[in-house]
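Peer 1: A predicted structure for the sequence below; I have some questions about it.
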Amino acid sequence: MARKGGVLSQLDLVIVLAAGEGTRMKSTRPKVLHEIAGATLISHVLTATKELKPHELRVVVGAAADEVKLEINQIYPSAKTVLQEVRSGTGDAVRRALTKSDSGKVLVCAADTPLITTETLAALVAAHSKSGAAATVLTTEVPDPTGYGRIVRDAGKLTKIVEERDASESEREINEINTGVYIFEIEKLFNSLAGLSNSNSQGEAYLTDVIAILKGKGESVATYEAHDFTEFLGINDRSQLADVSAIYRDRINEALMLSGVTIVDPQSTWIDLSVEIASDVRVEPGTTLRGNSKISSGAVLGPRTTLVDCKVGAGAHILESHCESSEIGAGAKVGPYAHLRSGTVLAGDVKVGSFVEMKNAEVGTGSKVPHLSYVGDAKIGKESNIGAATIFVNYDGVEKHETKVGDHVRIGSDSMLIAPVSIGDGAYTAAGSVIDEDVPAGALGIGRARQVNILGWVLKKRKGTKSAAAAEKKEK
(Lines give C-alpha, C1' and ligand atoms only; values in the text may rest on other atoms or scores of the structure.)
Protein backbone atom coordinates (compact mmCIF):
# COMPACT_ATOMS: atom_id res chain seq x y z
CA MET A 1 0.00 0.00 0.00
CA ALA A 2 1.21 3.52 -0.76
CA ARG A 3 1.90 5.78 2.17
CA LYS A 4 -0.17 8.90 2.57
CA GLY A 5 0.76 12.55 2.88
CA GLY A 6 2.77 14.16 0.08
CA VAL A 7 4.56 13.41 -3.16
CA LEU A 8 7.17 11.16 -1.61
CA SER A 9 4.48 8.91 -0.14
CA GLN A 10 3.23 7.95 -3.63
CA LEU A 11 5.99 5.39 -4.22
CA ASP A 12 5.52 1.79 -3.09
CA LEU A 13 8.65 0.11 -4.39
CA VAL A 14 12.11 0.96 -5.73
CA ILE A 15 14.09 -1.58 -7.73
CA VAL A 16 17.79 -0.85 -8.24
CA LEU A 17 19.60 -2.93 -10.86
CA ALA A 18 23.09 -3.87 -9.67
CA ALA A 19 23.77 -7.28 -11.19
CA GLY A 20 26.09 -6.33 -14.06
CA GLU A 21 29.55 -7.77 -14.54
CA GLY A 22 31.25 -4.45 -15.32
CA THR A 23 33.84 -6.21 -17.46
CA ARG A 24 34.99 -3.01 -19.15
CA MET A 25 36.20 -1.70 -15.79
CA LYS A 26 38.87 -4.44 -15.99
CA SER A 27 38.82 -4.76 -12.23
CA THR A 28 38.61 -7.52 -9.64
CA ARG A 29 36.25 -5.20 -7.77
CA PRO A 30 32.55 -5.10 -8.76
CA LYS A 31 31.74 -2.01 -10.80
CA VAL A 32 29.10 -0.72 -8.38
CA LEU A 33 31.66 -0.80 -5.55
CA HIS A 34 34.05 1.62 -7.24
CA GLU A 35 34.02 5.00 -5.51
CA ILE A 36 33.25 8.61 -6.26
CA ALA A 37 33.64 11.35 -3.63
CA GLY A 38 34.33 8.79 -0.92
CA ALA A 39 31.26 6.61 -1.53
CA THR A 40 30.52 3.67 -3.80
CA LEU A 41 28.46 4.09 -6.95
CA ILE A 42 25.64 2.04 -5.49
CA SER A 43 25.78 4.07 -2.28
CA HIS A 44 25.07 7.28 -4.19
CA VAL A 45 22.06 5.73 -5.94
CA LEU A 46 20.67 4.08 -2.82
CA THR A 47 21.00 7.34 -0.88
CA ALA A 48 19.10 9.25 -3.58
CA THR A 49 16.29 6.69 -3.67
CA LYS A 50 16.18 6.26 0.10
CA GLU A 51 15.16 9.90 0.46
CA LEU A 52 12.01 9.13 -1.54
CA LYS A 53 10.87 7.03 1.44
CA PRO A 54 9.45 4.13 -0.59
CA HIS A 55 7.55 1.39 1.20
CA GLU A 56 10.22 -1.08 0.12
CA LEU A 57 13.54 -1.15 -1.74
CA ARG A 58 14.89 -4.17 -3.60
CA VAL A 59 18.30 -4.47 -5.22
CA VAL A 60 18.99 -7.02 -7.95
CA VAL A 61 22.51 -8.39 -7.47
CA GLY A 62 24.56 -10.81 -9.54
CA ALA A 63 28.27 -10.32 -10.09
CA ALA A 64 30.19 -10.55 -6.77
CA ALA A 65 26.81 -10.75 -5.03
CA ASP A 66 28.21 -11.30 -1.53
CA GLU A 67 30.44 -8.20 -1.67
CA VAL A 68 27.62 -6.06 -3.03
CA LYS A 69 25.22 -7.33 -0.37
CA LEU A 70 27.64 -6.29 2.38
CA GLU A 71 27.76 -2.75 0.99
CA ILE A 72 23.97 -2.58 0.64
CA ASN A 73 23.51 -3.71 4.23
CA GLN A 74 25.73 -0.89 5.49
CA ILE A 75 23.89 1.78 3.51
CA TYR A 76 20.30 0.57 3.61
CA PRO A 77 19.90 -2.35 6.09
CA SER A 78 16.19 -2.74 5.37
CA ALA A 79 16.74 -3.22 1.62
CA LYS A 80 16.07 -6.67 0.20
CA THR A 81 18.35 -8.28 -2.36
CA VAL A 82 17.32 -10.46 -5.28
CA LEU A 83 19.86 -12.69 -7.01
CA GLN A 84 20.07 -12.80 -10.81
CA GLU A 85 22.42 -15.73 -11.22
CA VAL A 86 22.61 -15.47 -15.01
CA ARG A 87 22.64 -11.93 -16.37
CA SER A 88 19.81 -12.15 -18.90
CA GLY A 89 18.94 -8.49 -19.30
CA THR A 90 17.19 -5.70 -17.44
CA GLY A 91 13.76 -7.11 -18.14
CA ASP A 92 14.70 -10.43 -16.56
CA ALA A 93 16.20 -8.61 -13.56
CA VAL A 94 12.99 -6.67 -12.89
CA ARG A 95 10.91 -9.80 -13.42
CA ARG A 96 12.87 -11.54 -10.67
CA ALA A 97 12.45 -8.58 -8.32
CA LEU A 98 8.63 -8.46 -8.59
CA THR A 99 6.07 -10.73 -6.96
CA LYS A 100 2.45 -11.32 -7.88
CA SER A 101 1.31 -9.73 -4.62
CA ASP A 102 3.07 -6.40 -5.28
CA SER A 103 0.89 -3.41 -6.09
CA GLY A 104 1.12 0.34 -6.48
CA LYS A 105 3.98 2.20 -8.16
CA VAL A 106 7.55 1.07 -8.71
CA LEU A 107 10.62 3.12 -9.63
CA VAL A 108 13.31 1.26 -11.58
CA CYS A 109 16.86 2.62 -11.96
CA ALA A 110 20.46 1.45 -12.35
CA ALA A 111 23.16 1.35 -9.68
CA ASP A 112 25.87 2.84 -11.92
CA THR A 113 24.42 6.38 -12.25
CA PRO A 114 25.79 8.07 -9.11
CA LEU A 115 24.97 11.61 -10.22
CA ILE A 116 21.21 11.09 -10.05
CA THR A 117 19.48 13.31 -7.47
CA THR A 118 16.54 12.82 -5.15
CA GLU A 119 15.03 16.06 -6.48
CA THR A 120 14.83 14.73 -10.03
CA LEU A 121 13.42 11.40 -8.90
CA ALA A 122 10.81 13.13 -6.74
CA ALA A 123 9.77 15.28 -9.69
CA LEU A 124 9.42 12.10 -11.79
CA VAL A 125 7.21 10.52 -9.12
CA ALA A 126 5.00 13.61 -9.04
CA ALA A 127 4.74 13.77 -12.83
CA HIS A 128 3.81 10.10 -13.07
CA SER A 129 1.14 10.38 -10.38
CA LYS A 130 -0.36 13.38 -12.13
CA SER A 131 -0.35 11.73 -15.57
CA GLY A 132 -2.33 8.64 -14.68
CA ALA A 133 -0.16 6.69 -17.13
CA ALA A 134 0.75 3.02 -16.91
CA ALA A 135 4.41 4.00 -17.14
CA THR A 136 6.54 7.12 -17.23
CA VAL A 137 9.96 7.19 -18.89
CA LEU A 138 12.54 9.66 -17.60
CA THR A 139 14.25 11.30 -20.59
CA THR A 140 16.84 13.99 -21.16
CA GLU A 141 18.59 15.69 -24.06
CA VAL A 142 22.32 15.10 -24.44
CA PRO A 143 24.92 16.77 -26.67
CA ASP A 144 26.07 13.40 -27.98
CA PRO A 145 23.43 10.63 -27.92
CA THR A 146 25.77 7.94 -29.22
CA GLY A 147 25.09 4.61 -27.53
CA TYR A 148 21.74 5.60 -26.00
CA GLY A 149 18.22 4.55 -26.89
CA ARG A 150 16.40 7.43 -28.66
CA ILE A 151 12.99 8.80 -27.71
CA VAL A 152 10.84 8.90 -30.84
CA ARG A 153 7.83 11.21 -30.67
CA ASP A 154 4.86 12.06 -32.83
CA ALA A 155 3.14 15.38 -32.13
CA GLY A 156 5.04 15.52 -28.84
CA LYS A 157 3.90 12.10 -27.61
CA LEU A 158 6.15 9.08 -27.17
CA THR A 159 5.74 6.57 -29.96
CA LYS A 160 8.69 4.28 -29.21
CA ILE A 161 12.14 3.89 -27.74
CA VAL A 162 14.59 2.75 -30.39
CA GLU A 163 18.03 1.39 -29.62
CA GLU A 164 20.88 2.90 -31.62
CA ARG A 165 21.67 -0.30 -33.50
CA ASP A 166 18.05 -0.43 -34.71
CA ALA A 167 17.65 3.31 -35.38
CA SER A 168 17.32 4.85 -38.81
CA GLU A 169 19.60 7.66 -39.92
CA SER A 170 17.00 10.28 -38.97
CA GLU A 171 16.34 8.63 -35.59
CA ARG A 172 20.05 8.68 -34.80
CA GLU A 173 19.93 12.47 -35.08
CA ILE A 174 17.55 12.63 -32.10
CA ASN A 175 19.19 14.07 -28.98
CA GLU A 176 16.49 13.07 -26.50
CA ILE A 177 17.49 9.75 -24.93
CA ASN A 178 16.12 7.14 -22.57
CA THR A 179 17.87 7.48 -19.18
CA GLY A 180 16.97 3.96 -18.07
CA VAL A 181 14.85 5.31 -15.21
CA TYR A 182 11.15 4.43 -15.18
CA ILE A 183 8.04 4.42 -13.03
CA PHE A 184 5.46 1.73 -13.64
CA GLU A 185 2.11 0.76 -12.28
CA ILE A 186 3.18 -2.56 -10.80
CA GLU A 187 0.29 -4.75 -11.93
CA LYS A 188 0.59 -3.57 -15.54
CA LEU A 189 4.36 -4.01 -15.46
CA PHE A 190 4.06 -7.51 -14.00
CA ASN A 191 1.66 -8.63 -16.73
CA SER A 192 3.81 -7.08 -19.48
CA LEU A 193 7.00 -8.76 -18.29
CA ALA A 194 5.51 -12.12 -19.15
CA GLY A 195 5.51 -11.07 -22.81
CA LEU A 196 9.22 -10.23 -22.97
CA SER A 197 11.39 -12.09 -25.45
CA ASN A 198 15.15 -12.59 -25.59
CA SER A 199 15.20 -13.13 -29.35
CA ASN A 200 17.67 -10.35 -30.09
CA SER A 201 21.37 -10.02 -30.85
CA GLN A 202 22.29 -10.04 -27.16
CA GLY A 203 19.95 -12.87 -26.19
CA GLU A 204 18.58 -10.78 -23.32
CA ALA A 205 15.17 -9.57 -22.17
CA TYR A 206 15.13 -5.76 -22.23
CA LEU A 207 13.00 -3.63 -19.94
CA THR A 208 12.60 -1.09 -22.75
CA ASP A 209 10.48 -3.66 -24.62
CA VAL A 210 7.85 -3.34 -21.89
CA ILE A 211 7.10 0.16 -23.18
CA ALA A 212 6.20 -1.23 -26.61
CA ILE A 213 4.11 -3.99 -25.01
CA LEU A 214 2.16 -1.46 -22.92
CA LYS A 215 1.54 0.78 -25.91
CA GLY A 216 0.45 -2.25 -27.92
CA LYS A 217 -2.19 -2.90 -25.29
CA GLY A 218 -3.43 0.65 -25.63
CA GLU A 219 -1.95 1.77 -22.31
CA SER A 220 -0.78 5.34 -21.80
CA VAL A 221 2.99 5.84 -21.51
CA ALA A 222 4.15 9.29 -20.40
CA THR A 223 7.58 10.93 -20.35
CA TYR A 224 9.26 13.35 -17.98
CA GLU A 225 12.24 15.28 -19.28
CA ALA A 226 15.07 16.14 -16.88
CA HIS A 227 17.09 19.25 -17.68
CA ASP A 228 20.53 18.17 -16.41
CA PHE A 229 21.71 15.31 -18.58
CA THR A 230 24.80 14.74 -16.43
CA GLU A 231 22.65 13.10 -13.75
CA PHE A 232 22.25 10.09 -16.02
CA LEU A 233 25.81 9.54 -17.13
CA GLY A 234 26.48 5.86 -16.58
CA ILE A 235 29.85 4.30 -15.84
CA ASN A 236 31.20 1.41 -17.88
CA ASP A 237 34.96 1.99 -17.81
CA ARG A 238 37.67 3.90 -15.92
CA SER A 239 37.51 6.85 -18.30
CA GLN A 240 33.82 7.36 -17.60
CA LEU A 241 34.50 6.91 -13.88
CA ALA A 242 36.97 9.80 -14.05
CA ASP A 243 34.54 11.99 -16.00
CA VAL A 244 31.71 11.43 -13.54
CA SER A 245 34.07 11.91 -10.58
CA ALA A 246 35.01 15.34 -11.93
CA ILE A 247 31.36 16.35 -12.23
CA TYR A 248 30.68 15.23 -8.67
CA ARG A 249 33.76 17.12 -7.49
CA ASP A 250 32.41 20.28 -9.12
CA ARG A 251 29.01 19.81 -7.47
CA ILE A 252 30.55 19.49 -4.03
CA ASN A 253 32.92 22.41 -4.50
CA GLU A 254 30.19 24.70 -5.82
CA ALA A 255 27.94 23.92 -2.85
CA LEU A 256 30.81 24.61 -0.43
CA MET A 257 31.73 27.89 -2.10
CA LEU A 258 28.10 29.02 -1.95
CA SER A 259 28.14 28.19 1.77
CA GLY A 260 31.11 30.52 2.39
CA VAL A 261 34.17 28.34 1.82
CA THR A 262 36.99 29.75 -0.32
CA ILE A 263 38.32 27.19 -2.81
CA VAL A 264 41.13 28.84 -4.74
CA ASP A 265 41.32 26.26 -7.54
CA PRO A 266 38.20 24.06 -7.63
CA GLN A 267 39.54 21.83 -10.40
CA SER A 268 42.51 20.67 -8.33
CA THR A 269 40.53 20.34 -5.08
CA TRP A 270 38.88 17.02 -4.27
CA ILE A 271 36.54 16.83 -1.29
CA ASP A 272 34.48 13.81 -0.23
CA LEU A 273 30.75 14.21 0.22
CA SER A 274 31.11 13.23 3.89
CA VAL A 275 33.52 16.08 4.77
CA GLU A 276 32.15 18.96 6.87
CA ILE A 277 33.62 22.43 6.31
CA ALA A 278 32.60 25.61 8.11
CA SER A 279 32.39 29.02 6.45
CA ASP A 280 35.52 31.16 6.08
CA VAL A 281 37.77 28.14 5.57
CA ARG A 282 40.32 28.64 2.79
CA VAL A 283 41.31 25.65 0.66
CA GLU A 284 44.43 26.15 -1.42
CA PRO A 285 45.18 24.34 -4.72
CA GLY A 286 46.02 20.65 -4.85
CA THR A 287 44.21 19.77 -1.64
CA THR A 288 42.25 16.56 -0.98
CA LEU A 289 39.86 16.17 1.96
CA ARG A 290 38.53 12.69 2.60
CA GLY A 291 36.42 10.60 4.93
CA ASN A 292 34.83 12.14 8.00
CA SER A 293 37.10 15.17 8.20
CA LYS A 294 35.65 18.22 9.94
CA ILE A 295 37.16 21.66 9.36
CA SER A 296 36.41 24.64 11.63
CA SER A 297 36.06 28.25 10.57
CA GLY A 298 39.17 30.22 9.63
CA ALA A 299 41.35 27.20 8.91
CA VAL A 300 43.69 27.33 5.91
CA LEU A 301 44.36 24.03 4.15
CA GLY A 302 47.09 23.59 1.57
CA PRO A 303 48.38 24.01 -0.94
CA ARG A 304 48.97 20.34 -1.69
CA THR A 305 47.56 18.93 1.54
CA THR A 306 45.69 15.68 2.15
CA LEU A 307 43.47 15.13 5.17
CA VAL A 308 41.79 11.80 5.89
CA ASP A 309 39.36 11.53 8.82
CA CYS A 310 40.86 14.57 10.54
CA LYS A 311 39.42 17.22 12.83
CA VAL A 312 40.87 20.69 12.31
CA GLY A 313 40.36 23.54 14.77
CA ALA A 314 39.56 27.18 14.04
CA GLY A 315 42.38 29.15 12.45
CA ALA A 316 44.71 26.18 12.01
CA HIS A 317 47.03 26.18 8.99
CA ILE A 318 48.15 22.94 7.33
CA LEU A 319 50.65 23.39 4.52
CA GLU A 320 51.80 20.69 2.07
CA SER A 321 51.23 17.86 4.51
CA HIS A 322 49.53 14.48 4.81
CA CYS A 323 47.39 13.87 7.89
CA GLU A 324 45.19 10.92 8.77
CA SER A 325 42.95 10.16 11.77
CA SER A 326 44.38 13.12 13.65
CA GLU A 327 43.14 16.15 15.58
CA ILE A 328 44.72 19.54 14.91
CA GLY A 329 43.90 22.23 17.44
CA ALA A 330 42.87 25.84 16.95
CA GLY A 331 45.67 28.04 15.66
CA ALA A 332 48.04 25.11 15.13
CA LYS A 333 50.52 25.21 12.25
CA VAL A 334 51.51 22.02 10.43
CA GLY A 335 54.02 21.63 7.61
CA PRO A 336 55.35 21.89 5.10
CA TYR A 337 56.00 18.20 4.47
CA ALA A 338 54.68 16.90 7.79
CA HIS A 339 53.04 13.50 8.19
CA LEU A 340 50.52 13.10 11.00
CA ARG A 341 49.51 9.48 11.41
CA SER A 342 46.66 7.86 13.29
CA GLY A 343 46.17 8.93 16.89
CA THR A 344 47.99 12.26 16.71
CA VAL A 345 46.34 15.00 18.78
CA LEU A 346 47.69 18.55 18.62
CA ALA A 347 46.38 21.12 21.11
CA GLY A 348 45.96 24.80 20.25
CA ASP A 349 48.87 26.84 18.85
CA VAL A 350 51.10 23.81 18.37
CA LYS A 351 53.74 23.96 15.63
CA VAL A 352 54.74 20.86 13.68
CA GLY A 353 57.27 21.77 11.03
CA SER A 354 59.11 20.41 8.02
CA PHE A 355 59.73 16.69 7.66
CA VAL A 356 58.18 15.77 11.00
CA GLU A 357 56.35 12.46 11.36
CA MET A 358 54.00 11.81 14.29
CA LYS A 359 52.06 8.74 15.31
CA ASN A 360 49.85 8.23 18.37
CA ALA A 361 51.26 11.40 19.90
CA GLU A 362 49.62 14.05 22.08
CA VAL A 363 51.16 17.53 22.01
CA GLY A 364 50.17 20.21 24.53
CA THR A 365 49.27 23.84 23.95
CA GLY A 366 52.01 25.97 22.42
CA SER A 367 54.57 23.19 22.07
CA LYS A 368 56.79 22.96 18.98
CA VAL A 369 58.32 20.16 16.95
CA PRO A 370 59.86 22.38 14.27
CA HIS A 371 61.73 20.02 11.93
CA LEU A 372 63.26 16.70 10.98
CA SER A 373 61.88 14.63 13.86
CA TYR A 374 59.93 11.44 14.56
CA VAL A 375 57.49 11.49 17.48
CA GLY A 376 55.77 8.17 18.12
CA ASP A 377 53.76 6.95 21.13
CA ALA A 378 54.40 10.13 23.07
CA LYS A 379 52.80 12.68 25.35
CA ILE A 380 54.30 16.17 25.24
CA GLY A 381 53.20 18.86 27.68
CA LYS A 382 52.61 22.55 27.03
CA GLU A 383 55.15 25.12 25.81
CA SER A 384 57.87 22.52 25.20
CA ASN A 385 60.32 22.54 22.30
CA ILE A 386 61.63 19.44 20.55
CA GLY A 387 64.94 20.20 18.80
CA ALA A 388 65.70 19.31 15.20
CA ALA A 389 66.39 15.66 14.32
CA THR A 390 65.00 14.31 17.58
CA ILE A 391 63.85 10.69 17.49
CA PHE A 392 61.37 9.19 19.94
CA VAL A 393 62.64 5.60 19.93
CA ASN A 394 59.37 3.84 20.70
CA TYR A 395 59.91 0.29 19.38
CA ASP A 396 62.21 -2.31 20.92
CA GLY A 397 61.65 -4.86 18.17
CA VAL A 398 58.77 -6.53 19.99
CA GLU A 399 56.62 -3.89 21.67
CA LYS A 400 55.89 -0.15 21.45
CA HIS A 401 56.68 2.02 24.50
CA GLU A 402 55.65 5.53 25.53
CA THR A 403 57.74 8.64 26.08
CA LYS A 404 56.48 11.42 28.35
CA VAL A 405 57.76 14.96 28.01
CA GLY A 406 56.58 17.52 30.59
CA ASP A 407 55.74 21.22 30.36
CA HIS A 408 58.35 23.83 29.31
CA VAL A 409 60.90 21.16 28.36
CA ARG A 410 63.76 21.79 25.92
CA ILE A 411 64.96 18.75 24.00
CA GLY A 412 68.34 19.43 22.36
CA SER A 413 68.83 18.80 18.66
CA ASP A 414 69.72 15.28 17.56
CA SER A 415 68.51 13.71 20.79
CA MET A 416 67.28 10.13 20.97
CA LEU A 417 64.68 9.45 23.64
CA ILE A 418 64.60 5.69 24.19
CA ALA A 419 61.19 4.68 25.54
CA PRO A 420 59.93 4.06 28.09
CA VAL A 421 61.35 7.28 29.44
CA SER A 422 60.07 10.45 31.10
CA ILE A 423 61.42 14.01 30.85
CA GLY A 424 60.24 16.12 33.79
CA ASP A 425 58.78 19.63 33.71
CA GLY A 426 61.30 22.33 32.87
CA ALA A 427 64.06 19.80 32.10
CA TYR A 428 66.62 20.03 29.29
CA THR A 429 68.50 17.43 27.29
CA ALA A 430 71.85 18.25 25.75
CA ALA A 431 72.15 18.18 21.96
CA GLY A 432 73.28 14.83 20.57
CA SER A 433 72.24 12.90 23.67
CA VAL A 434 70.87 9.36 23.86
CA ILE A 435 68.45 9.47 26.78
CA ASP A 436 67.46 6.07 28.18
CA GLU A 437 66.83 7.07 31.79
CA ASP A 438 64.25 9.47 33.24
CA VAL A 439 65.33 13.11 33.49
CA PRO A 440 63.98 14.77 36.67
CA ALA A 441 62.17 18.11 36.56
CA GLY A 442 64.56 21.00 36.07
CA ALA A 443 67.55 18.74 35.33
CA LEU A 444 69.86 18.64 32.32
CA GLY A 445 70.11 15.18 30.78
CA ILE A 446 73.38 14.42 29.01
CA GLY A 447 73.89 11.09 27.30
CA ARG A 448 77.01 11.36 25.15
CA ALA A 449 80.74 10.56 25.32
CA ARG A 450 83.32 13.28 25.98
CA GLN A 451 84.85 14.68 22.76
CA VAL A 452 88.52 13.87 22.06
CA ASN A 453 90.57 15.71 19.39
CA ILE A 454 93.55 13.78 17.93
CA LEU A 455 95.89 16.45 16.64
CA GLY A 456 97.62 15.91 13.31
CA TRP A 457 95.54 12.82 12.45
CA VAL A 458 94.69 13.97 8.89
CA LEU A 459 98.34 14.72 7.99
CA LYS A 460 99.33 11.26 9.22
CA LYS A 461 96.44 9.11 8.02
CA ARG A 462 95.20 11.00 4.93
CA LYS A 463 98.46 12.26 3.48
CA GLY A 464 98.15 13.50 -0.11
CA THR A 465 94.45 14.39 0.15
CA LYS A 466 92.95 17.83 -0.34
CA SER A 467 92.04 17.79 3.35
CA ALA A 468 95.69 17.22 4.28
CA ALA A 469 96.82 20.00 1.95
CA ALA A 470 94.33 22.43 3.47
CA ALA A 471 95.37 21.50 6.99
CA GLU A 472 99.07 21.81 6.15
CA LYS A 473 98.51 25.24 4.56
CA LYS A 474 96.62 26.39 7.66
CA GLU A 475 99.47 25.29 9.95
CA LYS A 476 101.94 27.36 7.94
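Peer 2: Sure thing, it's come through. Fair warning: this is a prediction, and the values are worked out from it, not measured in the lab. Numbers count the residues shown, from 1 in each chain.
Peer 1: what are the ranges of the strands in the stretch 151-300 of the chain?
Peer 2: 157-162, 176-185, 221-226, 262-263, 270-271, 276-277, 282-283, 288-290, 294-295, 300-301 (DSSP state E, counting those that start in this stretch).
Peer 1: got JSON lines for these, with mean neighbour count too?
Peer 2: In short, each C-beta sits where N, CA and C put it, glycine included. JSON lines is the format used below for these (neighbours: other Cβ atoms under 10 Å):
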{"stretch": "strand 157-162", "mean neighbour count": "17"}
{"stretch": "strand 176-185", "mean neighbour count": "24"}
{"stretch": "strand 221-226", "mean neighbour count": "20"}
{"stretch": "strand 262-263", "mean neighbour count": "18"}
{"stretch": "strand 270-271", "mean neighbour count": "24"}
{"stretch": "strand 276-277", "mean neighbour count": "17"}
{"stretch": "strand 282-283", "mean neighbour count": "22"}
{"stretch": "strand 288-290", "mean neighbour count": "22"}
{"stretch": "strand 294-295", "mean neighbour count": "22"}
{"stretch": "strand 300-301", "mean neighbour count": "24"}
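Peer 1: Throw the ones you listed into TSV and include mean pLDDT, thanks.
Peer 2: Converted to TSV, those look like this (pLDDT from 0 to 100):
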stretch	mean pLDDT
strand 157-162	93
strand 176-185	97
strand 221-226	97
strand 262-263	98
strand 270-271	98
strand 276-277	98
strand 282-283	98
strand 288-290	98
strand 294-295	98
strand 300-301	98
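Peer 1: who wins for proximity to K379 among those?
Peer 2: strand 294-295 (23.7 Å; Cβ to Cβ).
Peer 1: Paired strands for that closest one, with orientation please.
Peer 2: Partners of strand 294-295 in the sheet, by DSSP bridges, are strand 276-277 (parallel), strand 311-312 (parallel).
Peer 1: Please convert the strands of the stretch 151-300 of the chain to TSV, extending it with distance to Y148.
Peer 2: Listed next are the strands of the stretch 151-300 of the chain as TSV, based on distance: least, Cβ to Cβ, whole Å:
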stretch	distance to Y148
strand 157-162	10
strand 176-185	4
strand 221-226	14
strand 262-263	33
strand 270-271	29
strand 276-277	36
strand 282-283	36
strand 288-290	33
strand 294-295	40
strand 300-301	40
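Peer 1: what about the closest residue to G406 other than its chain neighbours, distance to S367?
Peer 2: For G406, ignoring the flanking residues on the chain, the nearest one in space by Cβ to Cβ, 6 or more residues apart in numbering is D425 at 3.7 Å. D425 sits 13 Å away from S367, going by Cβ to Cβ, to the nearest Å.
Peer 1: so what sits against both of these two?
Peer 2: Both D425 and S367 are contacted by G381, under the criterion Cβ atoms under 8 Å, 6 or more residues apart in numbering.
Peer 1: ok, the two, which is more surrounded?
Peer 2: S367 (24 against 15; other Cβ atoms under 10 Å).
Peer 1: Give me the residue at the spatial middle of the chain.
Peer 2: In the chain, the residue lying closest to the centroid (Cα atoms, centre = their mean) is G38, at 1.5 Å.
Peer 1: circling back to that earlier point, among the strands of the stretch 151-300 of the chain, which is nearest K215?
Peer 2: Nearest to K215 among the strands of the stretch 151-300 of the chain is strand 221-226 (5.7 Å), distances taken as Cβ to Cβ.
Peer 1: by how many degrees do the closest one and strand 176-185 diverge?
Peer 2: Interaxial angle, strand 221-226 versus strand 176-185 (axes from the mean of the first three to the mean of the last three Cα atoms, to 10 degrees): 120 degrees.
Peer 1: Strand 221-226 pairs with which strands, parallel or anti?
Peer 2: Sheet pairing of strand 221-226 (DSSP bridges) gives strand 135-141 (parallel).
Peer 1: and the strand it pairs with, average pLDDT?
Peer 2: In this model, strand 135-141 has an average pLDDT of 98.
Peer 1: likewise stretch 455-474?
Peer 2: Confidence for stretch 455-474, expressed as mean pLDDT, is 92.
Peer 1: Now do the buried residues in the host helix or strand of I42.
Peer 2: Using DSSP states H and E, I42 sits in helix 41-50. Under the neighbour-count criterion of 16 or more other Cβ atoms under 10 Å, helix 41-50 has 41-50 buried.
Peer 1: so where do the helices sit in this structure?
Peer 2: 41-50, 65-75, 90-97, 118-131, 169-172, 186-193, 208-216, 238-258, 457-461, 466-475 (DSSP state H).
Peer 1: Export those as TSV, with columns for distance to F232.
Peer 2: Listed next are the helices of the chain as TSV, based on distance: least, Cβ to Cβ, whole Å:
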stretch	distance to F232
helix 41-50	11
helix 65-75	21
helix 90-97	15
helix 118-131	9
helix 169-172	19
helix 186-193	21
helix 208-216	15
helix 238-258	11
helix 457-461	77
helix 466-475	73
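Peer 1: Out of those, which is closest to P145?
Peer 2: Nearest of the helices of the chain to P145, taken as Cβ to Cβ: helix 169-172 at 7.7 Å.
Peer 1: ok, and the closest non-adjacent residue to M257?
Peer 2: Spatial nearest neighbour of M257, chain neighbours left out: I263 (5.6 Å); criterion: Cβ to Cβ, 6+ apart.
Peer 1: ok, now which ones touch D309?
Peer 2: So D309 contacts 290-293, 324-325 (Cβ under 8 Å, 6+ apart).
Peer 1: Could you single out the nearest of the residues you listed to A278?
Peer 2: Comparing the contacts of D309 against A278 with Cβ to Cβ places S293 closest, at 11.8 Å.
Peer 1: Mind giving me the packing neighbours of the helix or strand of the chain with the lowest mean pLDDT?
Peer 2: In the chain, no helix or strand scores lower on mean pLDDT, DSSP states H and E than helix 466-475, which sits at a mean of 88. With contacts defined as 3 or more Cβ pairs under 8 Å, 6 or more residues apart in numbering; DSSP states H and E, helix 466-475 has these neighbours: helix 457-461.
Peer 1: got a list of contacts for the helix it packs on?
Peer 2: 465, 467-468, 471-472.
Peer 1: what about the nearest residue to V137 once chain neighbours are set aside, distance to E176?
Peer 2: Nearest non-adjacent residue to V137, counting by Cβ to Cβ, 6+ apart: T223, 5.0 Å away. The spacing between T223 and E176, counted by Cβ to Cβ, is 9 Å.
Peer 1: do A419 as well
Peer 2: 69 Å.
Peer 1: swap in A427?
Peer 2: For A427, the distance to E176 - Cβ to Cβ - is 77 Å.
Peer 1: same question, A388
Peer 2: 66 Å.
Peer 1: Can you pull out the low-pLDDT segments for the stretch 201-350 of the chain?
Peer 2: In the predicted model of the stretch 201-350 of the chain, residues 201-203 satisfy pLDDT under 70.
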